[in-house]
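>>> coords below, sequence missing:
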Ligand SMILES: *[C@@H]1O[C@H](CO)[C@@H](O)[C@H](O)[C@H]1NC(C)=O
Ligand SMILES: *[C@@H]1O[C@H](CO)[C@@H](O)[C@H](O)[C@H]1NC(C)=O
Ligand SMILES: *[C@@H]1O[C@H](CO)[C@@H](O)[C@H](O)[C@H]1NC(C)=O
């Protein structure tokens, strides 16, 4: 009985400790309480919101530690160059270890705190995010596909499928392969100071066969339907073409027959020489002769008889 109790107590203690650990890591790891974010390598000036007199003593703390102290004009801690003319703290070439709370303090010559509750700043220095990469894996006997984004700690993820944002916010997105056959997946990782988007990646788990379906319709139906449509569209046209060709051929035959009967049908000189014909075409047109009326197309195959 006692051993069981002890075990229970031990496990309770472990839970308590691990909870505490979780809480601690969460509170230190989370950048939620940052007032200002800055990228590594950049600069940031912590403003002093107090009008400084020459007789004032200025202190800057990082957390509990004094990092700058100037008594009147004499710099006791840090460098002269650490603050600007207004007493604001200049931080350059930022590294992550410069993250922390920066607190100013102004004390006059009489030793009285004249700054009151001067505003402190919690600065968080972060690296810019790396350009993420999406890796694709086939799961469930190639029926499913998973895309995984290479994301760093404390970085936010957004997923995009063909440019449209997905609901998922995790490292991995899983889909049924057939449903995302040609879709492009990419992830956007971001932190408070930067964001990068990956190159798009497609699945290769599911490879369509020709007889497969497109939008749930068999490809054969599509092909057959398409061919049917083409037939419908083409057939009247083809028929018209054939009819026209036939007609033209007839016209040609008729015309060549006429040529044989009366070879110089259009030759005016010849017509003029014909007995009973004068040189005036207008006169001739009035007479019931075999000469065609002007303006009538002889190529249309109209027989001389038609003109009568
Ligand atoms: C494939 O993914 C679907 C939906 O995400 C899931 O319901 C199913 O269990 C998965 N199948 C396999 C074999 O992993
Ligand atoms: C995977 O799929 C193939 C083809 O569809 C099938 O022959 C095989 O039995 C499947 N394997 C498993 C483990 O489900
Ligand atoms: C990526 O996400 C960040 C943070 O939400 C956003 O500011 C940025 O515009 C996004 N980039 C693209 C290309 O969607």
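Looks like it arrived, so ask away. Quick caveat, the model's predicted, so the values are computed rather than measured. Residues are numbered from 1 along each chain as shown. Ligands and ions are numbered 1, 2, ... in the order given.

>>> count the residues that sit near the residue in the chain that ligand 1 sits nearest to.
Residue of the chain nearest ligand 1, by Cβ to the nearest ligand atom: residue 140 (2.3 Å). Placement of C-beta: from N, CA and C, glycine included. For residue 140, the count of nearby residues is 12 (other Cβ atoms under 10 Å).

>>> repeat that for residue 209.
Applying other Cβ under 10 Å, I find that residue 209 has 6 neighbouring residues.

>>> residue contacts, the residue of the stretch 1-150 of the chain found nearest ligand 3?
Of the residues in the stretch 1-150 of the chain, the one nearest ligand 3 is residue 129, at a distance of 9.5 Å by Cβ to the nearest ligand atom. Each residue near residue 129 by Cβ atoms under 8 Å, 6 or more residues apart in numbering is listed here: 152, 155, 189, 190, 191, 194, 195, 196.

>>> what's the most distant pair in these?
152 and 195 (12.1 Å; Cβ to Cβ).

>>> buried subset of the contacts of residue 129?
155, 189, 190, 191 (16 or more other Cβ atoms under 10 Å).

>>> ligand 3: which of those is nearest?
Checking those one by one against ligand 3 (Cβ to the nearest ligand atom), the nearest turns out to be residue 190, at 3.7 Å.

>>> quick one, phi/psi of the closest residue to ligand 3 within the stretch 201-308 of the chain?
In the stretch 201-308 of the chain, the residue found nearest to ligand 3 is residue 201; the distance is 15.7 Å by Cβ to the nearest ligand atom. Backbone torsions for residue 201, taken as degrees, to the nearest 10, come to phi -130, psi 140.

>>> how about it: what's its closest non-neighbour residue?
Excluding its sequence neighbours, the residue lying closest to residue 201 (Cβ to Cβ, 6 or more residues apart in numbering) is residue 134, at 4.3 Å.

>>> ok, that neighbour - contacts?
147, 148, 149, 150, 185, 186, 187, 198, 199, 200, 201.
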